[in-house]
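# Structure, please.
(chains A and B)
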Number of protein chains: 2
Amino acid sequence: MASRYGILLVGPNCLGIYNSENGLCSIFNPRDRQRFPGPGGIALLSQSGALGAAMLDWMADMGLGMSKFVSYGNAAVLEERHFMEYLAGDPKTRVIALYIEGVKDGRAFMETARRVVARKPVIVIKAGRSREGAQAASSHTGSMAGTFEVYEGAFRQSGILYTKSLREFFVIAKALSKLRPPRGRRVAIVTNGGGMGVLTTDAVIEGGLELARFSRETVDLFRRLVSEGRLPEHGAYGNPVDILGDARPETYEDALKVVLSDPSVDMVVLIVIAVAPTLRLDLVERVTALAGGKPIVGIIPGSDFARRMARGLEEGGIPVYETPEEAVAALRALHQYGMIRERLARS
Amino acid sequence: MASRYGILLVGPNCLGIYNSENGLCSIFNPRDRQRFPGPGGIALLSQSGALGAAMLDWMADMGLGMSKFVSYGNAAVLEERHFMEYLAGDPKTRVIALYIEGVKDGRAFMETARRVVARKPVIVIKAGRSREGAQAASSHTGSMAGTFEVYEGAFRQSGILYTKSLREFFVIAKALSKLRPPRGRRVAIVTNGGGMGVLTTDAVIEGGLELARFSRETVDLFRRLVSEGRLPEHGAYGNPVDILGDARPETYEDALKVVLSDPSVDMVVLIVIAVAPTLRLDLVERVTALAGGKPIVGIIPGSDFARRMARGLEEGGIPVYETPEEAVAALRALHQYGMIRERLARS
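Okay, the predicted model is just below:
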């Protein structure tokens, strides 16, 4: 399929040949089964045409925004590095997400990658990691998949983030398209559900991040807000901060302000059990008003109401996930990219 | 929240006190933000009330079916083992999914678990695995979370499946609610997208399963179907079987029949890139007609059309996932449970 599609350059709401002058788009797949992501910061490069098309459809469903999409098949003329170079200078692209089976010229790829990564993050999912997968790849795009260890080394050296999980690929791309890296690895958690707070604490630790230890000022501030009746008396004000199941949007706003102001907090996980009767959609404006500084990611599992809240937060710059492990993978990637950029700036 | 809810026993489409005689249900959360899973084989036990409610809402969204739900909070009178014992004999429950922070009487829990696991699978997600998480749990439900190593050992000895990932928890629960364990670990992959086939091959190998090596009869059968024009000439008929981007529902049916008939195949992953123009919804009946024997799981990432197809397959007994790693986690758990049951039968 890849070779039949050839090279596609598409813009938002288009799969096919997209003309950015007049906005026209030739669609190859029927409109009733192919949705397209709206505008956003993710550029997707895919060596597989069919997978690329499915990823666009899925991205639309997940609410992910796209800047450019390229399906370059067997890379007969242009390779991924040529597109990466172009996207590094594209003002609409905030993160480059790359599906590859094999790279033709490894040295040239690495040189390009290093230059690109200094400007914006690159996340890769590489297929053909196992011997069996490499065999399948060679019959698919004719790629020489090579040993994955070599690729891993190249990714690490050039500062490319990589993952083996297709879900994590998009989890990380979403975070990198919306947020800047944190200063450090210390996480604060604010939740209206104790259980989800505990699961998230575990995920933070297991993900190699740290739980922030609040400063004395923060402890005092929490105490004052409790005595003023603005935060619940029986809440928990260590970390995680548990504002309990009857928290209102104002409670979230107060708690979030406190943790964001603490210098020992580098980033925040905001957990919303959206089924709670005391929540309203004005949580979105109250919380997004505090976004833009330290990275904030949300965890909101659920159905319709939960998703409305999540999409609202995402429009306001707060990426939202359904599980603790995904929120933590997002924060870990942000932190990693911050360290990579520092390293590249020094060298 | 857990303690406020107390103990809830709920049936399908109800969170609250469910009366199975008259089907009445008292709802505590507003109906516009709390959805409920339809009927199905998953019994959910949650030590956290808020998390439990959010999980129900999310399960409804994911199309997971529920038999019973119990939120038992700080387990003042009844503990998880009492509910497990009951659910082991409940004809509607095919898998018991358990969120716990801590168990009061470890020995009694293990004894019960062993008896229950011999009858049906139990999957656990345990919060409070890290020191920090255990601390958070103790302020939440008063649980003594203990060291996770002790829990891990207990789970393993009593044949409980466990995961650290909330998404995997439901991925596995879905598979176990629909499928019986395979005979062995050899997987066949049928796909209309080469890239997804390669990614799935990697996931199979990295997940500790094996790629089936087709028998001579299968190779011959594929050759014959190609010569008859029923399978595409340029397809790939090793494993993964790539029936290409213009595969029709009949192509899937033919390819699936072949791999299912091969004695060296224990289970099948069916990949559908649903945006492909040649696919129609009658794929669902053609494929589900072949379900019921060897376990089949699907991978169908995408939006509306993809989801319609996925839900159709699931109603016909084929659990569907969005990513390779999730489909493989499902198959691995099925295989694991098969080995556990054998071990328990011997002892």
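# From B:Arg346, how far out is the residue in the stretch 151-300 of chain A that chain B sits nearest to?
Closest approach between the stretch 151-300 of chain A and chain B, counting by Cβ to the nearest Cβ: A:Gly195, at 2.8 Å. Yep, even glycine has a C-beta here, placed from its N, CA and C like the rest. Applying Cβ to Cβ, to the nearest Å, the value for A:Gly195 to B:Arg346 is 37 Å.
# Provide the secondary structure category for the residue of the stretch 151-300 of chain A closest to chain B.
Using DSSP: H, G, I helix; E, B strand; the rest coil, the secondary structure recorded for A:Gly195 is helix.
# For it, which non-adjacent residue is spatially closest?
Spatially, and ignoring its direct neighbours in sequence, A:Gly195 is nearest to B:Ser48 (2.8 Å; Cβ to Cβ, 6 or more residues apart in numbering or on different chains).
# now the host helix or strand of A:Lys174, how far from the chain's geometric center?
Taking DSSP states H and E as the definition, one finds A:Lys174 inside helix A:166-178. Distance of helix A:166-178 from its chain centroid, counting by Cα atoms, centre = their mean, to the nearest Å, is 3 Å.
# Contacts for that helix, please.
Identification of contacts with helix A:166-178 by Cβ atoms under 8 Å, 6 or more residues apart in numbering or on different chains yields A:40-42, A:58-59, A:62, A:64-65, A:94-95, A:97, A:99, A:121, A:123, A:125, A:161, A:163, A:295, A:297, A:314, A:317-319, A:321, A:326, A:329-331, A:333-334, A:337, B:167, B:199, B:301, B:322-326.
# how about the strands of chain A, start to end?
For chain A, strands defined by DSSP state E occupy the ranges A:8-10, A:39-46, A:66-71, A:95-100, A:122-126, A:161-163, A:186-191, A:210-211, A:241-242, A:267-271, A:296-299, A:320-321.
# Setting the sequence-adjacent residues aside, check what's closest to A:Val269.
A:Ile189 is the one closest to A:Val269 (Cβ to Cβ, 6+ apart), at 4.8 Å.
# Does the one you found touch A:Val198 like I think?
No. In this structure, A:Ile189 is not within contact of A:Val198 by Cβ atoms under 8 Å, at 9.6 Å.
# tell me the contacts of A:Glu79?
Residues near A:Glu79 by Cβ under 8 Å, 6+ apart: A:72, A:103-105, A:108-109.
# so where's the stretch 101-250 of chain A uncertain?
Per-residue confidence for the stretch 101-250 of chain A (pLDDT under 70) gives these ranges: A:142-146.
# which stretches of it form helices?
With DSSP state H, counting those that start in this stretch as the criterion, the stretch 101-250 of chain A has helices at A:106-119, A:131-140, A:148-158, A:166-178, A:194-206, A:216-227, A:249-261.
# what's in contact with the longest one?
If I follow you right, that is helix A:106-119. If you take Cβ under 8 Å, 6+ apart as the criterion, helix A:106-119 is touched by A:79-81, A:84-85, A:87-89, A:96, A:103, A:122, A:146, A:150, A:154, A:157-160, A:340-341, A:344-345.
# and if we set it to 10 Å?
A:79-89, A:93, A:96, A:98, A:100, A:103, A:105, A:122, A:124, A:146, A:150-151, A:153-155, A:157-161, A:337, A:340-341, A:343-345, A:347 (Cβ atoms under 10 Å, 6 or more residues apart in numbering or on different chains).
# For it, list the C-alpha coordinates in CSV.
Output in CSV follows, covering the C-alpha atoms of helix A:106-119 (Å, rounded to 0.1, in the frame of the first residue of the first chain):
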residue,chain,number,x,y,z
GLY,A,106,22.4,6.0,9.2
ARG,A,107,25.2,8.5,9.5
ALA,A,108,23.3,11.2,7.6
PHE,A,109,20.2,10.5,9.5
MET,A,110,22.0,11.0,12.8
GLU,A,111,23.6,14.2,11.7
THR,A,112,20.3,15.6,10.7
ALA,A,113,18.5,14.3,13.8
ARG,A,114,21.0,16.1,16.1
ARG,A,115,20.4,19.4,14.4
VAL,A,116,16.7,19.0,14.4
VAL,A,117,16.5,17.8,18.0
ALA,A,118,18.3,21.0,19.1
ARG,A,119,15.3,22.9,17.7
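# Need the per-residue pLDDT for A:Leu15.
As summarised for this prediction, A:Leu15 has a pLDDT of 48.
# I meant A:Leu8, not that one.
With respect to pLDDT, A:Leu8 scores 49.
# coming back round to it: please say which of A:Ile189 and A:Val198 ends up with more neighbours.
Taking other Cβ atoms under 10 Å in any protein chain shown, A:Ile189 and A:Val198 do not tie; A:Val198 has more neighbours (37 against 27).
# Just give the nearest non-adjacent residue to that one, would you?
Closest residue in space to A:Val198, ignoring its immediate chain neighbours: B:Ala127 at 4.0 Å, by Cβ to Cβ, 6+ apart.
# Any figure for the gap between that neighbour and A:Asp246?
With the distance defined as Cβ to Cβ, B:Ala127 ends up 21 Å from A:Asp246.
# now swap in A:Gly197 and tell me
Separation of A:Gly197 from A:Asp246 (Cβ to Cβ): 15 Å.
# the more surrounded of the two?
The neighbour comparison of A:Gly197 against A:Asp246 (other Cβ under 10 Å) goes to A:Gly197, with 32 against 14.
# Next up, the contacts around that one.
A:189-191, A:236, A:239-243, A:269, A:271, A:299, A:324, B:48, B:50-51, B:127, B:133, B:136-137, B:139-140.
# so can I have TSV of the contacts of A:Glu79 showing neighbour count?
Shown next, in TSV, are the contacts of A:Glu79 (neighbours: other Cβ atoms under 10 Å in any protein chain shown):
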residue	neighbour count
A:Tyr72	26
A:Val103	25
A:Lys104	13
A:Asp105	11
A:Ala108	13
A:Phe109	21
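# of the residues you listed, closest to chain B?
A:Tyr72 (12.2 Å).
# List the beta-bridge partners for the closest residue to A:Ala173 other than its chain neighbours.
Closest residue to A:Ala173 apart from its sequence neighbours, by Cβ to Cβ, 6+ apart: A:Ala97 at 4.4 Å. Beta-bridge pairing for A:Ala97 (DSSP bridges): A:Leu44, A:Ile123.
# sorry, back to before: return a PyMOL selection command for the buried portion of the contacts of A:Gly197.
This is the PyMOL syntax for the buried subset of the contacts of A:Gly197, where burial follows 16 or more other Cβ atoms under 10 Å in any protein chain shown:
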select buried, (chain A and resi 189+190+191+236+239+240+241+242+243+269+271+299+324) or (chain B and resi 48+50+51+127+133+136+137+139+140)
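# Now do the same contact list for the residue of chain A most remote from its centre.
Relative to the centre of chain A, the most outlying C-alpha is that of A:Ser227, 38.1 Å out, by Cα atoms, centre = their mean. When contacts are counted by Cβ under 10 Å, 6+ apart, A:Ser227 touches A:Glu233.
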